[in-house]
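predicted model and sequence below, questions to follow.
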Amino acid sequence: MIEIVKHSIRFILFLLVQAFVFNQLEIGLGIQLMVYPLFIFLLPIEINIFLLMILAFSLGYGIDIMSNTYGLHASSALLIAYGRPYLFKLFEPRDGYLPGAELSIYTMGYAWFSTVFGIILAVHTLWFFFIEQFKFSEFWFILLKTLLGVPLSLGICILIQLLFLKKPSNR
Amino acid sequence: MFCFAMRNLIAFFRRFRIFLFFALCQGIAISTYFTYLSYPRSQYLTTASNVTGQLWKYQNDVTKHFQLAFNNRKLQYENIQLRRKLPASFIPVYGNVVKIDDTIQHQQYEYIPAVVINSTVNKRNNYFTLDKGKIGGIKKGMGVFSNNGIVGIIHNVSDHYAVVKSVLTEDINIDVMVEKNGVYGLLKWNGKNAKIGSISSISNDLPLKKWSKIITRGGSGIFPRGIPVGKIKSIGTVEGKPLWDVEIYYSEDYRKLQNVYIIKNLLLEEQKKIESQVPVDEEEE
């Protein structure tokens, strides 16, 4: 029960923060900071895949409505929600995940988190820019924007966890 | 046999249900993106809707002060320009001149002031939200400009808000011309730099000069002639076509845009009506 409340509050916070703060920042070079993939990443591992996709889709669509992108964020959020179980299986530690644990930097460590979340962010950002442009002639420009934007977003997502997530006390 | 096929079909759906659900949602998202890009069917899923419009208004109430000094200076410059044209700032040379109420010139354009409450410049297609809508007299397809240059065309309206398709979109296609010699083309944006636009379909036998001023042509009745657009940055050649590839610097900095005017063309109906009477050239088709 408390998990549901926690994730609902996070849903709203990530929606507002992405739409009003990070989509408004103009860094230049076409970089866009993506923070809300962290919400999708931090949902429990045991969550039903359909629920996961519905949550990702509605979060993306909410951001779309707020920033006039008409379905771009929804599409890319859905893609990473679909790919998440496969990626987690691929990067499973030797003795499996702890049941009910959040896969944050505290439980999984910096190296694991940066690799897996970095892949998710890269896929998300690449897909986002490809649908937005819909032209393969812009490939190098899209790749440049992704390569510059992903490390920045990753850093901000790590910072968010350091600032706002509680360290699990039993470890 | 039929029963077997049916069972296979059900098994197929069960096996791939996750992927099918994914594909369905993905189809919804992408098709919405491409339909809304060219033709918005409703205002509810955009910032023109009342709920999100209100949220952006709250956000703007906080952030509008950041650019306040800059925008005040801009408005002040414009006031000076207008004040210079006032009768009070002229010395009457001939004492006995009488001003007669003018019936030769009718007013064609009216301007509605508005404030940009949401804008982006780093997407492929950028839309701005304004704080005025249908009740403020705004309709789809009206032109928007600021005191430095053109901004875009109204894309979508609700009762209190409007969304502008800015010149920072791919297919904005406003007809613009070089101020000096009247060479004209269509305005485009390549999606990379918010300061630089381009003009297409200028034939390469026409003379062009760097730094010449670009203004709106005013052919379609959306913009009056003479609203500044920018200056020519570079002139290149398009491979395999007899056309110039012209890049321009925009005269407005869209990253700082706040106060804009919406153009209401009082004679647009008349222009549309007379243009619709032109017989369609059937041989061309």
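Great, that's in hand. Numbers count the residues shown, from 1 in each chain, chains lettered A, B, ... in the order given.

for the helix or strand bottoming out on mean pLDDT in chain A, name the packing helices and strands.
Taking mean pLDDT, DSSP states H and E as the measure, chain A has helix A:105-108 as its least confident helix or strand, at a mean of 82. Applying 3 or more Cβ pairs under 8 Å, 6 or more residues apart in numbering or on different chains; DSSP states H and E, one finds that helix A:105-108 contacts helix A:139-164. Every residue, glycine included, has its C-beta placed from N, CA and C.

report the rounded mean pLDDT for the helix it packs on.
When pLDDT is averaged along helix A:139-164, the result is 89.

repeat for stretch B:253-260
86.

need the next SSE after the least confident helix or strand of chain A, C-terminal direction.
Note on helix A:105-108: by DSSP states H and E, the next helix or strand toward the C-terminus is helix A:110-133.

which residues sit against that next one?
A:32, A:34, A:37-38, A:40-41, A:69, A:72-73, A:75-77, A:79-80, A:83-84, A:87-88, A:91, A:93, A:103-105, A:142-143, A:145-146, A:149-150, A:153-154, A:157-158, B:30, B:33, B:123-125, B:191 (Cβ atoms under 8 Å, 6 or more residues apart in numbering or on different chains).

and stretch A:31-38, by the same measure?
Against stretch A:31-38 from outside (Cβ under 8 Å, 6+ apart): A:14-15, A:17-18, A:22-23, A:25, A:27, A:59-60, A:63, A:73, A:77, A:80, A:117, A:120-121, A:124-125, A:128, A:145, A:148-149, A:152-153, A:156-157, A:160-161, B:122-123.

and the stretch 101-250 of chain B, which residues reach chain A?
B:118, B:120-125, B:127, B:129, B:163, B:191-192 (Cβ under 8 Å from any Cβ of the partner chain).

now list the buried members of those residues.
B:118, B:120-125, B:127, B:129, B:163, B:191 (16 or more other Cβ atoms under 10 Å in any protein chain shown).

before we move on, back to that, how far does the least confident helix or strand of chain A sit from the chain's center?
16 Å (Cα atoms, centre = their mean, to the nearest Å).

same question, stretch A:113-129
8 Å.

how about the residues of chain A near chain B?
Taking Cβ under 8 Å from any Cβ as the measure of proximity, chain A contacts chain B at A:20, A:23-24, A:26-28, A:30-32, A:49-50, A:53, A:57, A:60-61, A:64-72, A:74-75, A:78-79, A:82, A:131-133, A:138, A:141.

doesn't B:Ile248 make contact with B:Val167?
No. Under the criterion of Cβ atoms under 8 Å, B:Val167 makes no contact with B:Ile248, lying 10.5 Å away.

name the residues contacting each of these two.
What both B:Val167 and B:Ile248 touch, as defined by Cβ under 8 Å, 6+ apart, is the set B:197, B:229.

counting neighbours, which of the contacts of stretch A:31-38 end up buried?
Neighbour counting with 16+ other Cβ under 10 Å marks A:14-15, A:18, A:22-23, A:59-60, A:63, A:73, A:77, A:80, A:117, A:120-121, A:124-125, A:128, A:145, A:149, A:153, A:157, A:161, B:122-123 as buried within those.

low-confidence regions, the chain specifically.
This is for chain A. A:169-171 (pLDDT under 70).

let me rephrase: I mean chain B.
B:1-3, B:39-47, B:87-106, B:281-285.

please enumerate the helices of it.
B:2-15, B:17-38, B:50-63, B:68-84, B:268-275 (DSSP state H).

nearest to B:Ile150, of these?
helix B:68-84 (15.4 Å; Cβ to Cβ).

check whether the closest one contacts chain A.
No. Helix B:68-84 stays clear of chain A (Cβ under 8 Å from any Cβ), getting no nearer than 15.4 Å.

sort out which residues of that helix are buried, please.
B:71, B:74.

one more: stretch B:251-270?
Those would be B:251-252, B:254, B:256-265, B:268, for stretch B:251-270 by 16+ other Cβ under 10 Å.

do the same with stretch A:27-43
Buried-residue list, stretch A:27-43, by 16+ other Cβ under 10 Å: A:30-43.

for stretch B:231-238, same thing?
Residues of stretch B:231-238 classed as buried: B:232-233 (neighbour count, 16+ other Cβ under 10 Å).

what separates that stretch from the chain centre, distance-wise?
22 Å.

so what touches it?
With contacts defined as Cβ under 8 Å, 6+ apart, stretch B:231-238 is touched by B:178, B:196, B:204, B:208-214, B:243-249, B:251.

for B:Gly219, give me its contacts.
B:175, B:184.

any idea how far it lies from chain A?
Computed as Cβ to the nearest Cβ, to the nearest Å, the B:Gly219 to chain A distance reads 28 Å.

neighbour count: B:Val167 and B:Ile248, which is higher?
Shown here are B:Val167 and B:Ile248; by other Cβ atoms under 10 Å in any protein chain shown, B:Val167 has more neighbours (26 against 21).

find the nearest non-adjacent residue to B:Ile154, please.
B:Met142 (4.7 Å; Cβ to Cβ, 6 or more residues apart in numbering or on different chains).

B:Val62: how many residues sit nearby?
9.

separation between the residue sitting nearest the centre point of chain A and B:Ser203?
Nearest residue to the geometric centre of chain A (Cα atoms, centre = their mean): A:Pro37, 1.2 Å. Using Cβ to Cβ, to the nearest Å, A:Pro37 is found at 48 Å from B:Ser203.
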